[in-house]
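Engineer: all I have is the shape, not the residue letters:
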């Protein structure tokens, strides 16, 4: 685990940096993940096979297997890469998601972006065979909880901040367990999140 900070926020445990690799290996890894991400966006997880990813990325199939171990390993790497990118944006990217905006504006932006990210991750999580209980133990989840709690404190929201942060994250993570056909459209979920966060600013 590494430690990062942004603006006046406390240091937070982060998703680890990409593995140290030779430049050609790093390029191959980035290309494979780029192709895999494109396939998920276009066709869902069903579009990913090791053969297809190798062919479309111009990397040997054996290289893909050595680097990621299995299809599930490739999907876990894709999840980690997505989390690392998202974490970088909310810790040190431009406002309102990153530092520089009022805390509740950042919290609104965090939830909107998180919903968009999680909407693509539920299928990936199931296919990558990550146990449900592990979703709460990974460093990325702890970073998110600390980040939300920090914004609540900066906004001087009253109440039990750790519990409120847990409950707010649970609202966002509900998208991971709801089948796509049983949940509202993503834009409506994002609007609902903003309404919820802005209600925190009302006098008790």
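Structural biologist: Perfect, thanks for sending it. This one's a predicted model, so the numbers in the text were calculated from it and none came from an experiment.
Engineer: the helices in this protein, which residues?
Structural biologist: Using DSSP state H, the helices found in the chain span residues 23-43, 50-57, 61-68, 71-92, 103-127, 139-154, 161-173, 186-199.
Engineer: reformat those as TSV; add mean pLDDT and distance to residue 179.
Structural biologist: From N, CA and C alone the C-beta is placed, and that goes for glycine too. What follows is these, written out as TSV (pLDDT from 0 to 100; distance: least, Cβ to Cβ, whole Å):
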stretch	mean pLDDT	distance to residue 179
helix 23-43	88	17
helix 50-57	94	26
helix 61-68	90	28
helix 71-92	90	19
helix 103-127	89	9
helix 139-154	91	22
helix 161-173	94	15
helix 186-199	95	14
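Engineer: can you put the ones you listed in TSV and add mean neighbour count?
Structural biologist: Listed next are the helices of the chain as TSV, based on neighbours: other Cβ atoms under 10 Å:
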stretch	mean neighbour count
helix 23-43	16
helix 50-57	16
helix 61-68	16
helix 71-92	19
helix 103-127	19
helix 139-154	19
helix 161-173	16
helix 186-199	15
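Engineer: how close does residue 161 sit to residue 145?
Structural biologist: 11 Å (Cβ to Cβ, to the nearest Å).
Engineer: residue 40 is in contact with residue 124, isn't it?
Structural biologist: Yes - the criterion here is Cβ atoms under 8 Å, and residue 40 meets it with residue 124 at 6.8 Å.
Engineer: any common contacting residues for the two?
Structural biologist: Residues within reach of residue 40 and of residue 124 at once, by Cβ atoms under 8 Å, 6 or more residues apart in numbering, are residue 78.
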